[in-house]
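Participant: Sequence and computational prediction follow.
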Amino acid sequence: MNKIDIKLGIIVALIFLAGFLLNTLQEKNQEIKRLNLENEQLLTELDDALKAKSPKPKKIVKKRKKIAYQGTIGLVIDDFGYRNDAVSDGFLDFKTPMTYAVIPGHRYSSLMGEEIKKAGFEIIIHMPMESHIKTKGEEDFIIMTSQPDDEIISRIKNAFKQIPQAIGMNNHQGSKATEDRRVMTAIGNVLKDKTKYFLDSRTTKNTVAEETMSLLGVSTARRKVFLDNSENINDINNQVDELAKSAKKNGVAIGIGHVKKNTLAVLKKRIPELQKKGYKFRFVSSLLH
Ligand SMILES: [Zn+2]
């Protein structure tokens, strides 16, 4: 072997070695790359798995508190017909079912019948009837125990002529007349013919009104609480509490108030409060037996 051959041999060997090393290096690089990719894949999978496991962000929805039903209240407002002012207008602004009782024979009786009907409330006739104490006013309409049946019948019919929107009747005063079975029977017969109802205002403990109506087959109900015998705001509030208590205890309670400033103010505040507490307000016509 000469020197050139040896050199050539070394060069060839070096080239092979370099090639080998290069190849190994490339393989190593590929391996690293592959491992990196695998790592990346694993990390992505892990991330996905974590995302799937972690709870979804909760939507913040305010749950409306379910109000438990407390009872049903029927509100009757007596003595419409005397006035046509801010107070009577105020009652026509309620958004609650209310039953409004109009006295016949007064300056605004017919007008109130129309206005109340237009405003979407229930109308009844607030029939003036004889009381044990001195009875005065509404001479053409008042029901007296001294009147014969035909006079009573004609007065009841005239009242419905003046307020044709009325679907029922309750008594204005009448502590004497509602204790009289004959008088209540004469009234009840007209109501039966006209399919009107009678709400007993209960101005006397000895009333036979509700009982007589039931016997005749006239739909009827009774007043439970008077709201404003005292016009003091605190007293009216206490009476509203009484009414709510009775509705809760008995399922249904009917309260009677009057077209008066303080009654309006108290009811404006208390009706929405009671509704929020779970009390329902209904027309008297849906609370009859
Ligand atoms: Zn009255």
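Facilitator: Looks like it arrived, so ask away.
Participant: make it CA atoms for all contacts and neighbour counts henceforth
Facilitator: OK.
Participant: now the residue of the stretch 101-250 of the chain at minimum distance from the ion, nearest residue through space, not along the chain?
Facilitator: Closest residue of the stretch 101-250 of the chain to the ion, C-alpha to the ion: residue 172 (3.9 Å). Leaving out its chain neighbours, the residue that sits closest to residue 172 by C-alpha to C-alpha, 6 or more residues apart in numbering is residue 128, at 4.6 Å.
Participant: Three-state assignment for that neighbour, please.
Facilitator: Following DSSP: H, G, I helix; E, B strand; the rest coil, the label given to residue 128 is strand.
Participant: my guess is it contacts residue 139, does it?
Facilitator: No - with contact defined as C-alpha atoms under 8 Å, residue 128 does not count as touching residue 139 (9.0 Å).
Participant: more neighbours, those two?
Facilitator: Shown here are residue 128 and residue 139; by other C-alpha atoms under 10 Å, residue 128 has more neighbours (26 against 11).
Participant: Tell me who's in contact with the more buried one.
Facilitator: By C-alpha atoms under 8 Å, 6 or more residues apart in numbering, the contact set of residue 128 is 103, 138, 141-143, 171-174.
Participant: Enumerate the residues of this structure near the ion.
Facilitator: 79, 172 (C-alpha under 5 Å from the ion).
Participant: Where does pLDDT dip in the chain?
Facilitator: Scanning the chain for pLDDT under 70 picks out 1-2, 29-30, 32-47, 49-62.
Participant: ok, now with 80
Facilitator: Low-confidence segments of the chain (pLDDT under 80): 1-65, 134-136.
Participant: can you list the domains in it?
Facilitator: 1-61, 71-286 (automatic domain parsing).
Participant: and stretch 200-217, how far apart are its ends?
Facilitator: For stretch 200-217, the first-to-last residue distance is 15 Å (C-alpha to C-alpha, to the nearest Å).
Participant: buried stuff in the helix or strand hosting residue 156?
Facilitator: Here residue 156 sits within helix 149-162, counting by DSSP states H and E. Residues 149, 152-153, 155-160, 162 are the ones in helix 149-162 that count as buried (16 or more other C-alpha atoms under 10 Å).
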